[in-house]
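A.B. asks: structure for the following, please:
(chains A and B)
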2 protein chains.
Amino acid sequence: MTFIATPQTMRFDAPLALQSGASLGGYQLAYETYGQLNASRSNAVLVCHALNASHHVAGEYAGQPRSLGWWDNMVGPGKPVDTNRFFVIGINNLGSCFGSTGPKDINPATGQAWGADFPVITVEDWVAAQARLLDALGIEQLAAVMGGSLGGMQALSWTLQYPQRVRHAVVIASAPNLTAENLAFNEVARRAIITDPDFHGGHFYRHGVVPQRGLRIARMIGHITYLSDDVMNAKFGRQLRQAVAGHASGYRYSTQDVEFQIESYLRHQSEKFSDYFDANTYLLITRALDYFDPARAHDGSLAAALAGTQARFLLVSFSTDWRFAPARSREIVRALLDNRRDVAYAEINAPHGHDAFLLDDARYMRLIRSYFENRIDTPAQAQGGTA
Amino acid sequence: MTFIATPQTMRFDAPLALQSGASLGGYQLAYETYGQLNASRSNAVLVCHALNASHHVAGEYAGQPRSLGWWDNMVGPGKPVDTNRFFVIGINNLGSCFGSTGPKDINPATGQAWGADFPVITVEDWVAAQARLLDALGIEQLAAVMGGSLGGMQALSWTLQYPQRVRHAVVIASAPNLTAENLAFNEVARRAIITDPDFHGGHFYRHGVVPQRGLRIARMIGHITYLSDDVMNAKFGRQLRQAVAGHASGYRYSTQDVEFQIESYLRHQSEKFSDYFDANTYLLITRALDYFDPARAHDGSLAAALAGTQARFLLVSFSTDWRFAPARSREIVRALLDNRRDVAYAEINAPHGHDAFLLDDARYMRLIRSYFENRIDTPAQAQGGTA
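C.D. replies: Purely as a prediction, here's the structure:
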């Protein structure tokens, strides 16, 4: 049993100046809210989403029983982020394909879909757009901003761009930037999409096609890197989809058939993904990941980059996450401690790799619940600055 | 300075019965030999190659100064595998694209290139074909069989298929089978090739095209998994190919351009690869990797699978190899010890990931040199059975 979520949209007419130097004219953001904003407006929690998620964080849509939000185990009445106490906001990032303005929408300058002409959006741009939406909702300060993975990068960026507007930042399974290996996986995924003949330089909409081949490859690569080797072995191992009688090995001896369960799983997941995800959005989001690097403007010093933060921090990482390894979270923790910030850190011993941040690990859930219950206050009187 | 290598070919007219149940009619194998077979024929060393290598193990071709063999640092006069003492043989695997019969050759039954109709070849089939070539060379017993990665699987398989023909097996950076994660990476690579519109179901030769897009994606994925995260960070990190003046970040803010050095490296490597490697061979070889699993016929017991071995073993792994992690080599070591076999094992602390088996790590080279110098004898009288 969960509650009914109601998606909303908000239109913004003032152009948004982007980090690239470009500017986005009018745009809209899709968002959802859960719970009630209190009178002092001190109980707002912004949940930032990662690659293929959206503003639909929790609950389900009326009449759509299989439409559960992507973090429904975390957010809701009585959940770790308890919507009986907090007013939770999910916003679909600019450039996405789930309701906020993105590449598949019409470029007013041409009357055609933006496609590859949609401006490059950074983590900082997302945060700026989110801040505007909070302005419109009358929320001056967040009790907390939280997110996992790329969502954690946004939470971290909030504390840099709007230090006075964030009391707590909960940064889960994240990193201060991507490693070369992460950059490399993103590049392969993008190349698969861009070199798909159906991509048409990013203007496939006008050809009535979708670069599904490329999207599927991209999604497969993503999936593999979200899971740990251990969990893949436990879940699929070397199991055959359907062993062939007559061979001791049970193999079909074919190069093109699906034989192993893991192959079947990857194909199924990637096919689903290519049916709903926009290829240009995939490019934009992976590039936003690539570019995020707050230390870059500070000669590589993350401590210098984080000097202006005022929030309190909870950092969480997962032992088997090799995409955003615990060591990367510890870099953030160290840089915050160098600045004498109030920071808590937990490394959860979980087998599920990067995906663990989305799953129901009991210790993880208790940790978040405890932090929100015990550390985050929602004062009846509005406060300026930090809590 | 190195020596001149001379590729040779040998034709086999008797059909080869394959593990799949199919049979390959006449075929040829490309091979090279280095050093001199001694009078007692006791000094032969077979070097098995991995994915994209060949029979050209060492030396260079006359008049082709950039044609150095893929393991020239390991094999040659005065090298760890010293061709002044050993007679070393490299054989291009069946189904490859470097001289042995493979998918781009003519299928006598149709008069056209085999393409996707080339029979599926397993590690065991390669070993059987290699054994026939050794028969023809008059070599009854190998002083050693050695290989890294997929080459190590062949070395291991030699000790199972022809226990009396192998005195020593040197199995480097290998595994008793692929993990689910390895299977998954192979599947993505194959999907990239198979879904490339230029693949034409594996019969692209008759269309005068090559599925270069797919091959490039496959190669990129391979490259990432051959390297360690550490070495990628050390070599490329987040360096930009050409920083853009005017932006504090130096970024170009583009989703389709090459910006990071790692992207540039991957594109360059993948383009080179797609110019020379056959797509059907890539499918065959990854499938041979997938299928290799000697424990499968023994209810998953590797110890039972290795009970028939008679060789002495050297196993080597590399600390940062996450494709064939040290733990996988230790599985083989344990199973051999369960059978009271003579086995030496070294885990080399090297930063280079899986690729380390091809590189000049001093401890690694000393280890192999010492093993070949001190442990492998080349008796003047031919021996039956084990040494």
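A.B. asks: okay, residue A:309 and residue B:244: tell me how far apart.
C.D. replies: Remark: distance between residue A:309 and residue B:244 (Cβ to Cβ, to the nearest Å) = 28 Å. Placement of C-beta: from N, CA and C, glycine included.
A.B. asks: could you give the mean pLDDT of stretch A:200-211?
C.D. replies: On average, the pLDDT along stretch A:200-211 is 96.
A.B. asks: with stretch A:372-381 instead?
C.D. replies: On average, stretch A:372-381 scores 94.
A.B. asks: please apply the same query to stretch A:320-336.
C.D. replies: 97.
A.B. asks: show me what counts as buried in that stretch.
C.D. replies: Buried residues in stretch A:320-336, counted by 16 or more other Cβ atoms under 10 Å in any protein chain shown: A:320-326, A:328-329, A:331-333, A:335-336.
A.B. asks: out of the residues you listed, which are close to chain B?
C.D. replies: residue A:322 (Cβ under 8 Å from any Cβ of the partner chain).
A.B. asks: and the residue nearest to the spatial centre of chain A, how far from residue A:146?
C.D. replies: Nearest to the mean C-alpha position of chain A, by Cα atoms, centre = their mean, lies residue A:50 at 0.9 Å. Residue A:50 is 12 Å from residue A:146, where distance means Cβ to Cβ.
A.B. asks: also residue A:96?
C.D. replies: On the measure of Cβ to Cβ, residue A:96 and residue A:146 end up 18 Å apart.
A.B. asks: and if you look at residue A:337?
C.D. replies: In this view, residue A:337 and residue A:146 are 20 Å apart by Cβ to Cβ.
A.B. asks: do the same with residue A:78
C.D. replies: Distance from residue A:78 to residue A:146, by Cβ to Cβ: 18 Å.
A.B. asks: could you pull out the helices for the stretch 251-387 of chain A?
C.D. replies: Counting by DSSP state H, counting those that start in this stretch, one finds helices in the stretch 251-387 of chain A at the ranges A:261-276, A:279-291, A:302-305, A:326-338, A:362-374.
A.B. asks: go through the ones you listed and name the closest to residue A:62.
C.D. replies: With Cβ to Cβ, the closest approach to residue A:62 among these belongs to helix A:261-276: 20.0 Å.
A.B. asks: quick one: mean pLDDT over stretch A:65-85.
C.D. replies: Mean pLDDT, stretch A:65-85: 97.
A.B. asks: remind me which residues of the stretch 1-150 of chain A are low pLDDT?
C.D. replies: A:1 (pLDDT under 70).
A.B. asks: residue A:206 against residue A:114, yeah?
C.D. replies: No: judged on Cβ atoms under 8 Å, residue A:206 makes no contact with residue A:114 at a distance of 11.3 Å.
A.B. asks: same drill for those two, tell me which one is more crowded.
C.D. replies: residue A:114 (23 against 10; other Cβ atoms under 10 Å in any protein chain shown).
A.B. asks: list phi and psi for the more buried one.
C.D. replies: Note on residue A:114: its backbone torsions stand at phi -50, psi -50 [degrees, to the nearest 10].
A.B. asks: repeat that for residue A:204.
C.D. replies: With angles defined as degrees, to the nearest 10, residue A:204 sits at phi -70, psi -20.
A.B. asks: what's the burial count for it?
C.D. replies: Residue A:204: 24 neighbours (other Cβ under 10 Å).
A.B. asks: does it touch residue A:198 like I think?
C.D. replies: Yes: taking contacts as Cβ under 8 Å, residue A:204 lies within contact range of residue A:198: 5.7 Å.
A.B. asks: overlap of the contact sets of the two?
C.D. replies: A:210-211 (Cβ atoms under 8 Å, 6 or more residues apart in numbering or on different chains).
A.B. asks: endpoints of stretch A:234-243, how far apart?
C.D. replies: 19 Å (Cα to Cα, to the nearest Å).
A.B. asks: hmm, stretch A:142-154 touching chain B?
C.D. replies: No: using Cβ under 8 Å from any Cβ, stretch A:142-154 stays clear of chain B, with a minimum separation of 14.4 Å.
A.B. asks: what's the span of that stretch, first residue to last?
C.D. replies: 14 Å.
A.B. asks: what comes up buried for it?
C.D. replies: A:142-154.
A.B. asks: surely residue A:303 meets residue A:341?
C.D. replies: No: the pair residue A:303 / residue A:341 is not scored as a contact, 10.3 Å apart, by Cβ under 8 Å.
A.B. asks: phi, psi of the residue of the stretch 1-150 of chain A found nearest chain B?
C.D. replies: Of all residues in the stretch 1-150 of chain A, residue A:20 sits closest to chain B, with a separation of 3.6 Å (Cβ to the nearest Cβ). Main-chain dihedrals, residue A:20, degrees, to the nearest 10: phi -70, psi -10.
A.B. asks: mind listing what it touches?
C.D. replies: Residue A:20 touches A:119-120, A:122, B:247, B:251, B:253, counting by Cβ under 8 Å, 6+ apart.
A.B. asks: closest one to residue B:269 out of those, please.
C.D. replies: For the contacts of residue A:20, the nearest to residue B:269 is residue B:251 (23.3 Å; Cβ to Cβ).
A.B. asks: state the distance from that closest one to chain A.
C.D. replies: 6 Å (Cβ to the nearest Cβ, to the nearest Å).
A.B. asks: list the contacts for that residue?
C.D. replies: Applying Cβ under 8 Å, 6+ apart, the residues near residue B:251 are A:20, A:291, B:240, B:243-244, B:259.
A.B. asks: so which of the residues you listed is surrounded by the most neighbours?
C.D. replies: Neighbour max across those (other Cβ under 10 Å) = residue B:259, 26 neighbours.
A.B. asks: what's the burial count for residue A:125?
C.D. replies: Count around residue A:125 with other Cβ under 10 Å applied: 23.
A.B. asks: following the helix or strand that it is a member of, which helix or strand shows up next?
C.D. replies: Residue A:125 is part of helix A:123-137 when elements are defined by DSSP states H and E. Moving toward the C-terminus from helix A:123-137, the next helix or strand (DSSP H and E) is strand A:142-148.
A.B. asks: and that following strand, what other elements does it pack with?
C.D. replies: Applying 3 or more Cβ pairs under 8 Å, 6 or more residues apart in numbering or on different chains; DSSP states H and E, one finds that strand A:142-148 contacts strand A:44-48, helix A:150-161, strand A:166-172.
A.B. asks: could you say which helix or strand contains residue A:28?
C.D. replies: strand A:27-34.
A.B. asks: what of residue A:217?
C.D. replies: helix A:212-226.
A.B. asks: excluding chain neighbours, what is closest to residue A:66?
C.D. replies: residue A:60 (7.8 Å; Cβ to Cβ, 6 or more residues apart in numbering or on different chains).
A.B. asks: please apply the same query to residue A:152.
C.D. replies: Closest residue in space to residue A:152, ignoring its immediate chain neighbours: residue A:174 at 2.7 Å, by Cβ to Cβ, 6+ apart.
A.B. asks: equivalent analysis for residue A:353, please.
C.D. replies: Nearest non-adjacent residue to residue A:353, counting by Cβ to Cβ, 6+ apart: residue A:228, 3.5 Å away.
A.B. asks: okay, now that neighbour: neighbour count?
C.D. replies: Neighbour tally, residue A:228, other Cβ under 10 Å: 23.
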